[in-house]
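J.: could you work out the structure for the sequence below:
(2 chains)
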Amino acid sequence: MSSRQQSRRLKWTLDNIRTNKISTESLAAPPGYSSASVGSSIEVSKKTDVSRLITKKSWDLALAPLKQVPMNLFIMYMAGNSISIFPIMMVGMLLMRPLQAIWSTKTTFKMMENTNAILQMIVYVLGNFVNIALALYKCHSMGLLPTYASDWLAFVEPPARQEYLGGGPILSLS
Amino acid sequence: MASLRSICIIPVFVILNLLFTSALYEDQVGKFDWKRTFVGKVKYSNISFKRLVVATEENVLACLTVKNGHILWRQLFENPKYQQIEALYVDDEIVTVSGAGNSWFVRSWDLNSGTLLSEWLLYSERTSHNKFIISKDTLIHAAPVPGSHLEVTKYSLHNGEVQGKATKVPAAWITNVANCLVTKHYFACISSNDNLGQLYYIDLASENKEISTRSIKSLIGEGPGTVQVVDFGGEIPALLLVRSNKGTVLYFDDEGKVMVKPFNLMSNAVGVLSDDKRLIFQLEATENTEKLIRVKVKDFIQGDDEYSVDLEYPLGLGAPVILASQCRAQACDLLLTTTDDALLLVRLPEGKVLWTREEALSNIVATEFFELPVSELDASIENEFKTSSNSILSLLVHRLSTQVKQVSSLVFGGQLLANSGLVRDEFGLHKIIVVATKVGKLFAIDTLTGSIAWSYRLPNVRPFDASGMFLFVQRTARYAPLPAQCLLLAQDAVTGKGVLFEFDPITGFSSRGIRKLDYKIAQAMLLPYEVDENIKAVAVLSTDYEVFIYPDSAKAAAYQHVNRLFMYVVDSTKGSLKGYNLHHSSKDALKVTQIWNMNASPAKLVAVKAKHPNERVHSQGRVLPDRSVYYKYVNPNLLAVATISEDPIHKHVLSIYLIDGVTGFILYSTSHKRAKAPVHLVHSENWLVYSYFSERFRRTEVVSVELYEGILQSNSSVFSSHAISTLPHVLTQSYILPAHPLNMAVTLTERGITNKFLLIALSGGVVIEIPWLLLQPRFEDIQCGPEESCIPYMPEIPLPAEAVINYNQTLGRVRGIDIAPARLESTCHVLVHGLDLFYTRVAPSKTFDLLKEDFDHLMIVLVLTGLVVASYITKHLASKKALKQLWK
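T.: Predicted coordinates for the structure are as follows:
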């Protein structure tokens, strides 16, 4: 009972004797507040962040061809092995796009403004090569690659004659 | 089962339709083919009003128009080799007697349409020279038996019933049937060809058949030289007694007495009935170089000259003989035939030659196709860059002078060649065909029109005993300004020795003329090496096995290659095949040495076939469905030999050999029992096709043989017959040909890329094309279907009507099919000769290298110009719009 009363009392009492000294050091700064000098700290954080982003982005770019591989595989599977306009177009696209990409590797990586993206470039080119290899495999399975002897048959020159033969039935009765 | 079969059959038909869609459209008829029809050398003839009925040595009866010599109708009889027309009688209908030995067909024909009205067989017991006398409704058959008697039988003309009895007239005075003739109803003979001879004659129409006789001495007096009896004609019983080219007319009067005309005539004199007046026509040579022949007309009674006319006789024809004549109201038509088988109609008294038919072309023995030279303008352009000197000044002068020439030829036109139109075209479709005929006359025929560009008669020349003549292309027209050169080899008609004739095939000009060789020719070959002035030399082997080289200057060049030259000689009478080389030649004399010998006897050698010397094989292998290559065994020296031997059990046995002509090595041989002639061989690339008649099944069978080296090529750069490591793998397949073939050939194209077609001339007068793909042997272990682009095996070769290259133009008695490539790869020239001449172009893989004839050039030009114009307009409009937008 007494405790309840006390607490009741406490409710209405105002104790102005006790003063709590709040140490400013132990308190965390409010969110968004930084005691450090504002200008310089922003600049530093920006720099590290962007470079990380760029590397991340460039890796994204470098790995994009490899990420396409499953999709390409699916397209290849769907296209089938018959030689008609759509499969041919698809195979053409499969073959042309990586080639174009390899050709324009430098321009693709230029926007990165980062000179040390050699590794990414290598990965990018390799990824494109993987795509080319896939396209070539497709060409091969479609029979578009001249890999058999029969494909070169038309270019085989007839062998030169060593001997010449002439003659026929005996013409005059002797 | 039935549905499965139908499933199989449908793709077959699809493939067949794809293969055989090479037929002509109706509007293409005559566009690139032509046909010329002949009748052969005329033996008997008759002019009745506007019609001219001829019976020829080709065993052909034909009716020509007198006006222009065109054939109204033509009937082909049996094979002229065995049977001949022996008598011709023209009245309301035509009656012919044709046959040989002791059986003859007596046929009557409708004069207007040439349809057969009646036919009966005349059979006599004797096989001797027979004479037939046909009158209104009786046929008298006189069979003289030399040294014994004369058998005379009278038949009713229309049903062949014997009238009365066959009578035998004793006639021991018949010594030689060549000294006998029939004139009207008289049979006359001279007993010997000298002054001692007697003339015997019998009136066969009379009942008692009395023999009358007069001595030759009393008729024409004594004189030197032999006496001959010659037919005189002229609707009366008369004959000519000819001695040393002078003739005397004898005629039999109504009482059966022989009368002599007291004047001399030429041996070619002919009697003609002209409006109840009897005339004698004879031909004489004149000195006038423009009008070589004079027709002299004489009165029959006194022999006075009525008039004489100099004929505008065409140059180049041989000596003429009058065959038939018809006179109506002063005008006379004379039908002449010449020693070179030409047929002319001459109208008197103008002396004009109405028409000429070159019947020599009905018997062609050698053919060669020639490329035409480039036009003068092109030649001068070529010449412009061809100079020998290097100095700038001379180059300039040369260039200026050729350009001046070009301008002048542009302005004034080319001279010689442009006028005749014999100029090479872009695709080599315009060629000239040089043919040598049996009578020894050369013709050059334009392939575009079929007209004769030039002709050249070689007197006293005949084909070789074995076969034909030889035409060798020594130089083509490619080497302007040097003219093309061709060499003809033939036999002298009298001595049998060789005859050599060099000429320019485009103009027919020969600078050297005919050269008579002093040896007999056994064989000849064109050497594949060019010597000076791009001429290919010809090596001629004499029957004494000496080798001669023409031109003579090429001997040294030929000597360089002696180790690579081989020859083979086939002696079909002895059944032997011999191979020779030239290894042991010296620089001065080339010498042949026998290296191999094959003796087929007692079997008969029926056919030997080598490959075409100019054939090019483009594809060295066959692609199998698994895309690997099966290499072909392409041996250019391979010979295909067919022999037939008699066999007690199998009747005839046909053997086929494939022999390497260089080494004599037999690569393949097979035999067919109960198979007999005719055997036809077609040999090309790595395959052979042969046909024979199967006695067992009574049908013609065709077999194809293909040789393969295997999956590896032993030597891809050089082919040598001596370097054979393994025997080629042989594939065969046989088929039924539901027809009777007369001749077979295979197409030949410039580079050999185009598919091959077999061209088969059938006895029905058609030439049919059959794709080689249809005959190619199928692999046993490899599936055959549309996916493998392979036609499933069908035993019977289909002969669809669309595959007939001569569509509805029936060709009589085809003797040969000659093929030459055009410069256009897809196309080759085909000349079918026999009684008729037919030329066409064949494109086995269709004209894949040529735009279609109906290609719309105008449309494509319009569309292109429209697009260009439209793009310029839109460009202009777009720039305008952009400008407007900038101002806004």
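J.: residues touching the spatially closest residue to B:Ile364 that is not a sequence neighbour, list them.
T.: Nearest non-adjacent residue to B:Ile364, counting by Cβ to Cβ, 6 or more residues apart in numbering or on different chains: B:His833, 4.4 Å away. C-beta coordinates here come from the backbone N, C-alpha and C atoms, glycine included. Contact analysis of B:His833 by Cβ atoms under 8 Å, 6 or more residues apart in numbering or on different chains lists B:361, B:364, B:367, B:435, B:814-818.
J.: over to B:Gln326?
T.: Per Cβ under 8 Å, 6+ apart, neighbours of B:Gln326: B:47-49, B:66, B:332-333.
J.: so who does residue 72 touch?
T.: Just so you know, I chose chain A. Applying Cβ under 8 Å, 6+ apart, we find A:Asn72 in contact with A:94, A:131, A:134-135.
J.: think we crossed wires, I meant chain B
T.: Neighbours of B:Leu72 in contact, by Cβ under 8 Å, 6+ apart: B:51, B:62-65, B:114.
J.: repeat that for B:Leu565.
T.: A:163-164, A:166, B:525, B:527, B:539, B:558, B:581-582.
J.: a markdown table for the contacts of B:His833, including neighbour count?
T.: Below are the contacts of B:His833 laid out as a markdown table (neighbours: other Cβ atoms under 10 Å in any protein chain shown):
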| residue | neighbour count |
| --- | --- |
| B:Leu361 | 23 |
| B:Ile364 | 22 |
| B:Thr367 | 20 |
| B:Val435 | 25 |
| B:Val814 | 23 |
| B:Arg815 | 17 |
| B:Gly816 | 17 |
| B:Ile817 | 23 |
| B:Asp818 | 19 |
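J.: of all the residues you listed, which comes closest to B:Ser212?
T.: Nearest to B:Ser212 out of those is B:Leu361 (Cβ to Cβ; 46.1 Å).
J.: wait, the closest one touches B:Phe443, no?
T.: Yes. Contact criterion Cβ atoms under 8 Å: B:Leu361 and B:Phe443 qualify, at 6.3 Å.
J.: identify the contacts common to the two.
T.: B:435, B:437.
J.: what's the pLDDT at the closest residue to chain A within the stretch 151-300 of chain B?
T.: For the stretch 151-300 of chain B, the residue closest to chain A is B:Ala178, as judged by Cβ to the nearest Cβ, at 24.3 Å. Per-residue confidence at B:Ala178 stands at 80 (pLDDT).
J.: and the residue nearest to A:Thr147 when sequence neighbours are not counted, helix, strand or coil?
T.: The shortest distance from A:Thr147 to any non-neighbouring residue, by Cβ to Cβ, 6+ apart, is to A:His140 (6.6 Å). With DSSP: H, G, I helix; E, B strand; the rest coil as the basis, A:His140 sits in helix.
J.: how close does A:His140 sit to chain B?
T.: To chain B, A:His140 is 12 Å away according to Cβ to the nearest Cβ, to the nearest Å.
J.: report the lowest-confidence entry in the contacts of B:Leu565.
T.: Across the contacts of B:Leu565, the bottom pLDDT score, 84, is held by B:Ala558.
J.: OK, contacts around the residue nearest to B:Pro481 when sequence neighbours are not counted?
T.: In space, and not counting its chain neighbours, B:Pro481 is closest to B:Ala379: 6.5 Å by Cβ to Cβ, 6+ apart. Counting by Cβ under 8 Å, 6+ apart, B:Ala379 touches B:373, B:480-481.
J.: for the residue positioned nearest the centre of chain B, list each beta-bridge partner.
T.: Centroid check for chain B by Cα atoms, centre = their mean gives B:Ile364 as the closest residue, at 2.6 Å. Taking DSSP bridges as the rule, B:Ile364 bridges to B:Thr437.
J.: right, and it touches B:Ile433 too?
T.: No. Using Cβ under 8 Å as the test, B:Ile364 is too far from B:Ile433 to be in contact (9.7 Å).
J.: tell me the residues of chain A that contact chain B?
T.: Selection of chain A residues close to chain B by Cβ under 8 Å from any Cβ of the partner chain yields A:143, A:148-151, A:153-154, A:156-174.
J.: for the contacts of B:Gln326, which single residue is the most surrounded?
T.: B:Ile47 (22 neighbours; other Cβ atoms under 10 Å in any protein chain shown).
J.: for chain A, what is the nearest residue in chain B?
T.: Nearest residue of chain B to chain A (Cβ to the nearest Cβ) works out as B:Met525 at 2.5 Å.
J.: contacts only, for that residue.
T.: B:Met525 neighbours (Cβ under 8 Å, 6+ apart): A:166-167, B:538-539, B:565, B:567.
J.: re the thing from before, how about the contacts of B:His833, which pair is most distant?
T.: Greatest spatial distance in those: B:Leu361 and B:Ile817, 15.7 Å, computed using Cβ to Cβ.
J.: returning to what we had before: could the contacts of B:Gln326 be laid out in CSV, adding pLDDT?
T.: What follows is those, written out as CSV (pLDDT from 0 to 100):
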residue, pLDDT
B:Ile47, 88
B:Ser48, 83
B:Phe49, 82
B:Val66, 90
B:Cys332, 84
B:Asp333, 86
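J.: restricted to strands, list those.
T.: By the criterion of DSSP state E, membership of these in strands covers B:47-48, B:332-333.
J.: pull the most distant pair out of those.
T.: B:Ser48 and B:Cys332 (14.4 Å).
J.: B:Lys881 should be in a helix, yeah?
T.: Yes. When three-state DSSP is applied, B:Lys881 is found to be in a helix.
J.: please save the CA atoms from stretch B:323-331 in CSV.
T.: Taking Å, rounded to 0.1, in the frame of the first residue of the first chain, the C-alpha atoms of stretch B:323-331 are listed here in CSV:
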residue,chain,number,x,y,z
LEU,B,323,17.4,-39.2,-163.5
ALA,B,324,14.0,-38.3,-164.7
SER,B,325,12.3,-35.7,-166.9
GLN,B,326,9.0,-34.3,-167.7
CYS,B,327,8.1,-32.1,-170.6
ARG,B,328,4.9,-30.1,-171.0
ALA,B,329,4.3,-27.4,-173.5
GLN,B,330,7.9,-26.6,-174.4
ALA,B,331,9.1,-26.4,-170.8
